[in-house]
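> could you work out the structure for the sequence below:
(one chain, ligands or ions: 3)
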Amino acid sequence: MKVDVLLGLQWGDEGKGKVVDVLTPRYDVVARFQGGPNAGHTLEFEGQKYVLRSIPSGIFQGDKVNIIGNGVVLDPSLFKAEAEALEASGHPLKERLHISKKAHLILPTHRILDAAYEAAKGASKVGTTGKGIGPTYTDKVSRNGLRVGDILNNFEAKYAAAKARHEQILKSLNYEYDITELEKQWMEGIEYLRQFNLVDSEHEINNLLKEGKSVLCEGAQGTMLDVDFGSYPFVTSSNTICAGACTGLGLGPNKIGEVYGIMKAYCTRVGSGPFPTELFDETGKKIRDLGHEYGAVTGRERRCGWADLVALRYSIMINGVTQLILMKSDVLDDFETIKACVAYKVNGEEIDYFPFDINEGVEPVYVEMPGWKTDMTKMTSEDEFPEEFNAYISFLEEQLGTPIKIVSVGPDRAQTIERYTEE
Ligand code: GDP
Ligand code: IMO
Ligand code: MG
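Residues are numbered from 1 along each chain as shown. Ligands and ions are numbered 1, 2, ... in the order given. Here you go, the predicted structure:
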């Protein structure tokens, strides 16, 4: 029996997809537990690049079971496009992918509502991915949602009622829209979904555990986007943290073993909201260019800055992280110096904890270190790491009180270095 959880510690896009793919051979099952097609998880191997949105990143490694759990919100039309593209590229998944009947459906009107609410917020908009995530989770919590299992029984009537309710809201917002094409594709998606294994995934996953199988839970977004602990209200609408794996898959907390926390060697954010270490200068631009920091799905420019150790310490605490995975180290290969934020200055006072509100008046306090000025992308062992990079790793481990077990030096599956462990 073994359940490990892998999740992002920053504002998403840390490289979760890549590492789930790398770790999958060690597990029998890979499961997504929250979020939906707001995610874009990139994997690269054998010269091919794939971006997954709702399908777990374990889908490429042999015949592992991949589960979309009850905590996920699923858009049938986007799911169809994603699944068909994978099948067309020679990766059959119908047998291997199991979808919880309790996962909630994103309706076409949820996407329209997402756009309408954002428009109504004007300058204070969240900068959502526009995929209907917020409205779908809102309906779930207010007990108005439609679930995947609903497509098996009297679906048309349930859909019509939900749509009518949404239309009322859109009318009250005076929001103009055309649903025709969206709805057509969505209905095709519903029919497509019927071909899949729609399961009671909480039973399935617990039965697999009883048989001695191991599970890797794949988080989406990041801890700073968590609806409870992130930079509210500029967050997503689900619990992206470790506890989300329990509610989003039906797992008891005592089943959780390792918690892998993924972080970039620096930090990025997409959409609106506070970002204390954001760089608006040439250095920020250089990180964006070298790191190709543009949204995996939307192509939106990602905001870039130095690593924020105050926020990371908070994320590690909330998730009970047992080991860190340091991503995109190679992006900093060509910097004279590297900075990391070790404390915040708020109203002239230095604090080392994450405060209630980081929306205003938070000034980062930096430590500056020499850069390594070495190409790390072809390295295969930590023995090759330059001295300055080793110093950066030791500094992070000390500041964060958690060991860094894996270092990523490029987007490809092969560009992954495990460090020696002292157990
Ligand atoms: P996710 O949402 O956490 O899965 O991350 P994304 O896929 O949205 O963004 C991570 C991006 O960085 C992708 O384009 C990856 O191919 C790329 N990537 C992952 N690890 C590394 C790395 O170590 N170095 C570099 N240069 N790119 C990486
Ligand atoms: P992965 O899994 C980065 C951000 C959006 C916006 C906020 C709310 O690839 O790391 P939403 O559409 O969820 O209501 O948007 O959250 N966001 C992400 N940022 N990576 C993601 O996913 C994200 N999913 C949502 O940009 O600021
Ligand atoms: Mg992403």
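
> from here on, just use CA atoms for contacts and neighbour counts.
Noted.

> what does the stretch 251-400 of the chain have sitting close to ligand 2?
If contacts are counted using C-alpha under 6 Å from any ligand atom, the residues of the stretch 251-400 of the chain sitting beside ligand 2 are V270, G271, S272.

> ok, and of the residues you listed, which contact ligand 3?
Restricting those to those near ligand 3 by C-alpha under 5 Å from the ion leaves nothing, as none qualifies.

> list of residues touching the helix ranked longest in the chain?
The helix spanning the most residues in the chain, taking DSSP state H as the definition, is helix 155-172. Helix 155-172 has contacts (C-alpha atoms under 8 Å, 6 or more residues apart in numbering) with T109, H110, L113, A116, N144, G145, L146, D150, E176.

> and those as TSV, adding pLDDT?
What follows is these, written out as TSV (pLDDT from 0 to 100):
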residue	pLDDT
T109	98
H110	98
L113	98
A116	98
N144	97
G145	98
L146	98
D150	98
E176	96
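
> return a ChimeraX selection command for the buried portion of these.
Paste this into ChimeraX to select the buried members of the contacts of helix 155-172, with burial taken from 16 or more other C-alpha atoms under 10 Å:
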select :109,110,113,116,145,146,150
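
> what's the closest of the contacts of helix 155-172 to ligand 1?
Taking C-alpha to the nearest ligand atom as the measure, ligand 1 lies nearest H110 of the contacts of helix 155-172, at 22.5 Å.

> which ones are touching the closest one?
Counting by C-alpha under 8 Å, 6+ apart, H110 makes contact with K131, G132, I133, P135, T136, H166.

> which residues touch the helix or strand containing T138?
Secondary structure assignment for T138, by DSSP states H and E: helix 133-141. With contact meaning C-alpha under 8 Å, 6+ apart, helix 133-141 is reached by 35-36, 38, 73, 104-107, 110-111, 113-114, 145-146, 236-238.

> of the residues of the stretch 251-400 of the chain next to ligand 2, which is the most crowded?
When neighbours are counted by other C-alpha atoms under 10 Å, V270 leads these with 20 neighbours.

> look up the closest residue to that residue, ignoring the ones flanking it.
R302 (4.8 Å; C-alpha to C-alpha, 6 or more residues apart in numbering).

> dihedrals phi and psi, the one you found?
The phi and psi values for R302, taken as degrees, to the nearest 10, are phi -90, psi 140.

> that one: neighbour count?
Using other C-alpha under 10 Å, R302 is surrounded by 18 other residues.

> now do the helices in the stretch 201-350 of the chain.
For the stretch 201-350 of the chain, the helices defined by DSSP state H, counting those that start in this stretch cover 201-210, 243-247, 282-290, 309-319.

> does anything pack onto the second one? Which helices or strands?
When contacts are defined as 3 or more C-alpha pairs under 8 Å, 6 or more residues apart in numbering; DSSP states H and E, helix 243-247 packs onto no helix or strand at all.

> against ligand 3, how distant is the residue nearest to V270?
In this view, R302 and ligand 3 are 11 Å apart by C-alpha to the ion, to the nearest Å.

> ok, back up a step: which one among the residues of the stretch 251-400 of the chain next to ligand 2 gets closest to L208?
Distances from L208 to these, taken as C-alpha to C-alpha, are shortest for V270 (36.9 Å).

> and the pLDDT at that closest one?
pLDDT, the model's per-residue confidence, is 96 for V270.

> again, but for M1
At M1 the predicted local confidence, pLDDT, stands at 59.

> same deal with Y420?
At Y420, the pLDDT value in this model is 83.

> look up the closest residue to it, ignoring the ones flanking it.
Looking at Y420 with C-alpha to C-alpha, 6+ apart, the closest residue is K405, at 7.5 Å.

> now that neighbour: which helix or strand?
Taking DSSP H and E as the criterion, the element that holds K405 is strand 404-408.

> each with direction, which strands does that strand pair with?
Sheet neighbours of strand 404-408, with direction, are listed as strand 323-327 (parallel), strand 416-418 (antiparallel) (DSSP bridges).

> about what we covered before: of the residues of the stretch 251-400 of the chain next to ligand 2, which is the nearest to T337?
Closest to T337, out of all of these and judged by C-alpha to C-alpha, is V270, at 24.9 Å.

> check contacts around that closest one.
Contacts of V270 were listed using C-alpha under 8 Å, 6+ apart, and they are W11, G127, G295, R300, E301, R302, R303.

> in this structure the second one contacts S272, no?
The reference is to G127. Yes - with contacts counted by C-alpha atoms under 8 Å, G127 reaches S272, the gap being 5.3 Å.

> can I get the helices of the stretch 201-350 of the chain in TSV with mean pLDDT, distance to L326 and mean neighbour count?
Converted to TSV, the helices of the stretch 201-350 of the chain look like this (pLDDT from 0 to 100; distance: least, C-alpha to C-alpha, whole Å; neighbours: other C-alpha atoms under 10 Å):
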stretch	mean pLDDT	distance to L326	mean neighbour count
helix 201-210	98	29	17
helix 243-247	98	22	22
helix 282-290	97	16	15
helix 309-319	98	12	21
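
> what about the closest residue to L74 other than its chain neighbours, how many neighbours?
If you skip the residues right next to it in sequence, L74 has L105 as its closest partner in space, 5.0 Å away by C-alpha to C-alpha, 6+ apart. If you count neighbours by other C-alpha under 10 Å, L105 ends up with 28.

> for L105, grab phi and psi.
In terms of degrees, to the nearest 10, the main-chain angles of L105 are phi -90, psi 130.

> ditto for G58
For G58, the backbone dihedrals (degrees, to the nearest 10) come out as phi -90, psi 0.

> surely it is in contact with I67?
No - using C-alpha under 8 Å, G58 makes no contact with I67, being 9.4 Å away.

> between those two, what contacts are shared?
Joint contacts of G58 and I67 (C-alpha under 8 Å, 6+ apart) are V29, V30.

> re the thing from before, could you pull up the mean pLDDT of the helix holding T138?
Across helix 133-141, pLDDT averages out at 98.

> buried sites along that helix?
The neighbour-count criterion (16+ other C-alpha under 10 Å) identifies I133, G134, P135, T136, Y137, D139, K140 as the buried residues of helix 133-141.

> low-confidence ranges in this protein?
Counting by pLDDT under 70, the chain has low-confidence residues at 1, 421-423.

> can you rerun that using 80?
Under the criterion pLDDT under 80, the flagged ranges of the chain are 1, 296-297, 421-423.

> residues in it within reach of ligand 3, list them.
For the chain, the contact set with ligand 3 under C-alpha under 5 Å from the ion comprises D13, G40, H41.
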